[in-house]
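Peer 1: Return atomic coordinates for the entry below.
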Amino acid sequence: MNLGNIITRAANYWPQKEAVVDARNRLTYRDLESQTNRLASGLLAMGLAPGNRVAIQALNCAELAVAEIAFYKAGLVKVPVNARLTVDETVHVLNDSRAHAVIAGKSQTVAIMANRSQLPHLENVIAIEGDEGDHRYQDILDKGEDVSPGADPADDEVAVLHYTSGSSGVLKAAMQSFGNRKAIVRKMLTSPSSKARVGSRMAHVGPVTHASGMSMMPLFYYGGCNIMLDRFDLVELLETIQKEKVNSIFMVPTMINRIINFLDIDKYDLSSLQNVTYGAAPMAPSVVEKAMNTFGPILSQGYGAGETSSVVTVLTEQDHIDALAGDKKRLASCGRCYFETDVQVLKDDGQPVKPGEIGEIVVRGPDVMMGYWGAPELTEEVIRDGAYLTGDLATVDDEGYIFIVDRKKEMIISGGFNVYPSEVEKVLYEHPAIFEAAVIGVPDEEWGEAVKAVVVKKPDAEVSADDILQYCKDNLPGFKRPRSVDFTDELPKNPNGKIVRRQVRDPYWADSDRKVG
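Peer 2: Numbers count the residues shown, from 1 in each chain. You can find the predicted model right below:
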């Protein structure tokens, strides 16, 4: 079944129900069916052919949802480009993917056109707004026919080139097949945390080109509405939840942290929320507990990657409730696998770890990517016998709950001891004066690497480096304690809002003969 048929069926079942809402559009399912048909046929009429790569780069808007469905209907390969990438990163993605065309927002169109000489493979720039591109998006719609092209790509054909940097900082594309994308829908529909029903409303505040967008197609299957916010603005988000009666939302921990520390949070009616899902980065149990006090017992966590076509484990709402009432340590878990995917924590010899032992999370199933685009050597590093080696180190308890310890490449080795930054960060987040923290290894002649904490204080908080070091002395084993603390106004984050430890760490190693990571 072509995933585009989900919209065709929904338009028949619920023609007048809202499907996509943004600042400029309120599209019903009938509108969405018509626009996706016209965009699909219009792109093919331009000379594009099934299998061609078409990039999309814009802040969250209705056109991104229309484009994804149109690509399914036309058999085109989607190349989602985060709108917050730098110009150089955007040029790299467009060249690496050999995109034939790009559908872009206003500012993205301007930047792409200004760098057109560096994009020899790009044939068509389609502007969602304005006249700066080769074509206007609306003109493509106007010329298209309101009939689906009816493409029927095989499950093992490439559907999406999902660019991810992981911990390496190098953008590479996970090839997601049409079968992988169907697996996303199946596992979202069967998730124990899914509360989607006809008319359910989800707000997308993170880029729908990435993690948040994975929920769009499953919600369309249910006849729900995807509400697009083009940036994370705290007040705008809270107002949208209240006005649009939002039922569910996905956020990264940095977003949740800002909400729960917002002094005026009680002024907003958030009672419509039925589920708040977080993921893409670890969140300290103390922050999870405070978030549950703010939102209620409706938190769930998802763990996955672009290489696994989104979520592979879930820490459910009930898991959160049980942990808060009993063993709070379980709030540090990323949950258990509930889907048709097999998730194991394995030692270097390929054997499953025993409770308490540390191993690598390995994923096998219909949602594992085909490999990295144009990079067979990178594929060989992470795909073994069809299984994906995530690079995430973890433990597992006797009930199957997985606890991520850290990334292999971000582990600190100090005096021969392994120190996992996330373990130290969890303790730091419990300090009442600390808003955000990143723990890194820095050069040290005696220990090889010394543990350093780089922290952002909460507004008006009074705390010194010595205060924090003493706090760590009281709460951490000696080899895990930071040896120094630096304060900063802001920690670097990637376009998805995740703190990038590598960027925090690199300046400290700039003058060192040895590099880490």
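Peer 1: which stretches of the stretch 201-350 of the chain aren't confidently modelled?
Peer 2: Scanning the stretch 201-350 of the chain for pLDDT under 70 picks out the ranges 281-282.
Peer 1: how about the strands in it?
Peer 2: For the stretch 201-350 of the chain, strands defined by DSSP state E, counting those that start in this stretch occupy the ranges 201-204, 225-228, 248-251, 275-279, 299-305, 310-315, 342-346.
Peer 1: Could you pull up the residues touching residue 385?
Peer 2: Counting by C-beta atoms under 8 Å, 6 or more residues apart in numbering, residue 385 makes contact with nothing. Just so you know, the C-beta spots here come from the backbone N, C-alpha and C atoms, and that holds for glycine as well.
Peer 1: still on that earlier bit, now, of the strands of the stretch 201-350 of the chain, which is deepest in the fold?
Peer 2: Greatest average neighbour count among the strands of the stretch 201-350 of the chain goes to strand 310-315 (a mean of 27), per mean count of other C-beta atoms under 10 Å.
Peer 1: Where does the prediction get shaky in the chain?
Peer 2: Under the criterion pLDDT under 70, the flagged ranges of the chain are 165-170, 281-282, 415-417, 446, 496, 512-517.
Peer 1: could you redo the strands of the stretch 201-350 of the chain as TSV and give each row distance to residue 400?
Peer 2: Listed next are the strands of the stretch 201-350 of the chain as TSV, based on distance: least, C-beta to C-beta, whole Å:
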stretch	distance to residue 400
strand 201-204	28
strand 225-228	32
strand 248-251	24
strand 275-279	19
strand 299-305	13
strand 310-315	9
strand 342-346	9
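Peer 1: These: which one's closest to residue 65?
Peer 2: Proximity to residue 65, assessed across these by C-beta to C-beta, is greatest for strand 225-228 (6.1 Å).
Peer 1: Counting by contacts, list what the closest one packs against.
Peer 2: With contacts taken as 3 or more C-beta pairs under 8 Å, 6 or more residues apart in numbering; DSSP states H and E, strand 225-228 sits against strand 18-21, helix 62-74, strand 201-204, helix 216-221.
Peer 1: From what I see, residue 196 and residue 224 are in contact.
Peer 2: Yes - Residue 196 lies in contact with residue 224 (C-beta atoms under 8 Å); the separation is 5.5 Å.
Peer 1: Need the residues touching each of those two.
Peer 2: Common neighbours of residue 196 and residue 224 (C-beta under 8 Å, 6+ apart) are residue 202.
Peer 1: For residue 31, give its distance to residue 66.
Peer 2: Between residue 31 and residue 66 the computed distance is 9 Å (C-beta to C-beta, to the nearest Å).
Peer 1: which one of those two has more residues nearby?
Peer 2: Neighbours were counted for residue 31 and for residue 66 using other C-beta atoms under 10 Å; residue 66 has more, 28 against 19.
Peer 1: Now do the more buried one against residue 44, distance only.
Peer 2: Look at residue 66 and residue 44: by C-beta to C-beta, they are 15 Å apart.
Peer 1: what's the answer for residue 315, then?
Peer 2: Plainly put, residue 315 is 43 Å away from residue 44 if you go by C-beta to C-beta.
Peer 1: Helices of the stretch 51-200 of the chain, residue ranges please.
Peer 2: Secondary structure of the stretch 51-200 of the chain (DSSP state H, counting those that start in this stretch): helices at 62-74, 87-97, 106-114, 137-143, 178-189.
Peer 1: Any chance of these in JSON lines with distance to residue 296 as columns?
Peer 2: Shown next, in JSON lines, are the helices of the stretch 51-200 of the chain (distance: least, C-beta to C-beta, whole Å):
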{"stretch": "helix 62-74", "distance to residue 296": "29"}
{"stretch": "helix 87-97", "distance to residue 296": "38"}
{"stretch": "helix 106-114", "distance to residue 296": "38"}
{"stretch": "helix 137-143", "distance to residue 296": "40"}
{"stretch": "helix 178-189", "distance to residue 296": "22"}
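Peer 1: which of these is buried the deepest?
Peer 2: Mean neighbour count (mean count of other C-beta under 10 Å) peaks for helix 62-74 among these, with a mean of 27.
Peer 1: Centre of the chain to it, how far?
Peer 2: Here the centre of helix 62-74 is set off from its chain's centre by 19 Å, with C-alpha atoms, centre = their mean, to the nearest Å.
Peer 1: Likewise for stretch 90-97?
Peer 2: Offset of stretch 90-97 from its chain centre (C-alpha atoms, centre = their mean): 20 Å.
Peer 1: where's residue 259 relative to residue 266, distance?
Peer 2: To residue 266, residue 259 is 12 Å away according to C-beta to C-beta.
Peer 1: how near is residue 26 to residue 226?
Peer 2: For residue 26, the distance to residue 226 equals 12 Å [C-beta to C-beta].
Peer 1: Touching both of those two, which residues are there?
Peer 2: If you check residue 26 and residue 226 against C-beta under 8 Å, 6+ apart, the residues they both contact are residue 20.
Peer 1: Next up, the contacts around the residue nearest to residue 66 when sequence neighbours are not counted.
Peer 2: Once flanking residues are discounted, residue 66 sits nearest to residue 35: 5.0 Å by C-beta to C-beta, 6 or more residues apart in numbering. Contact analysis of residue 35 by C-beta under 8 Å, 6+ apart lists 27, 66, 70, 141.
Peer 1: From those, pick the one nearest residue 101.
Peer 2: residue 70 (12.0 Å).
Peer 1: so that closest one sits right up against residue 33, yeah?
Peer 2: No - contact between residue 70 and residue 33 fails when scored by C-beta under 8 Å: they sit 10.8 Å apart.
Peer 1: number of nearby residues for residue 85?
Peer 2: Neighbour number of residue 85 under other C-beta under 10 Å is 20.
Peer 1: Quickly note the distance from the nearest residue in space to it that is not next to it in sequence to residue 52.
Peer 2: Spatial nearest neighbour of residue 85, chain neighbours left out: residue 495 (6.0 Å); criterion: C-beta to C-beta, 6+ apart. Residue 495 sits 25 Å away from residue 52, taking C-beta to C-beta as the criterion.
Peer 1: show me what contacts the closest residue to residue 373 other than its chain neighbours?
Peer 2: What sits nearest to residue 373 in space, not counting adjacent residues and going by C-beta to C-beta, 6+ apart, is residue 173, at 3.8 Å. When contacts are counted by C-beta under 8 Å, 6+ apart, residue 173 is found next to 79, 93, 96, 97, 161, 162, 163, 164, 372, 373, 374.
Peer 1: What are the boundaries of the helices in the stretch 351-500 of the chain?
Peer 2: Under DSSP H, counting those that start in this stretch, the stretch 351-500 of the chain gives helices at 376-382, 421-428, 465-475.
Peer 1: Just send those helices back as TSV, with distance to residue 134 too.
Peer 2: Compiled in TSV, these are given as follows (distance: least, C-beta to C-beta, whole Å):
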stretch	distance to residue 134
helix 376-382	33
helix 421-428	46
helix 465-475	54
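Peer 1: Of these, flag the one that's most buried.
Peer 2: Among these, helix 421-428 has the highest mean neighbour count (mean count of other C-beta under 10 Å), at a mean of 22.
Peer 1: Other residues contacting that one?
Peer 2: Helix 421-428 is contacted by residues 282, 284-286, 332, 404-406, 410-412, 434, 437-440, 451, 453, 455, 468, 472, 475-476, 480-482, 501 when judged by C-beta under 8 Å, 6+ apart.
Peer 1: Keep only those of those residues that are in strands.
Peer 2: Using DSSP state E, 404, 405, 406, 412, 434, 437, 438, 439, 440, 451, 453, 455 are the members of the contacts of helix 421-428 that sit in strands.
Peer 1: Can you turn the buried subset of the residues you listed into a selection I can paste into PyMOL?
Peer 2: Buried members of the ones in strands among the contacts of helix 421-428, defined by 16 or more other C-beta atoms under 10 Å, are picked up in PyMOL with:
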select buried, resi 404+405+406+412+434+437+438+439+440+451+453+455
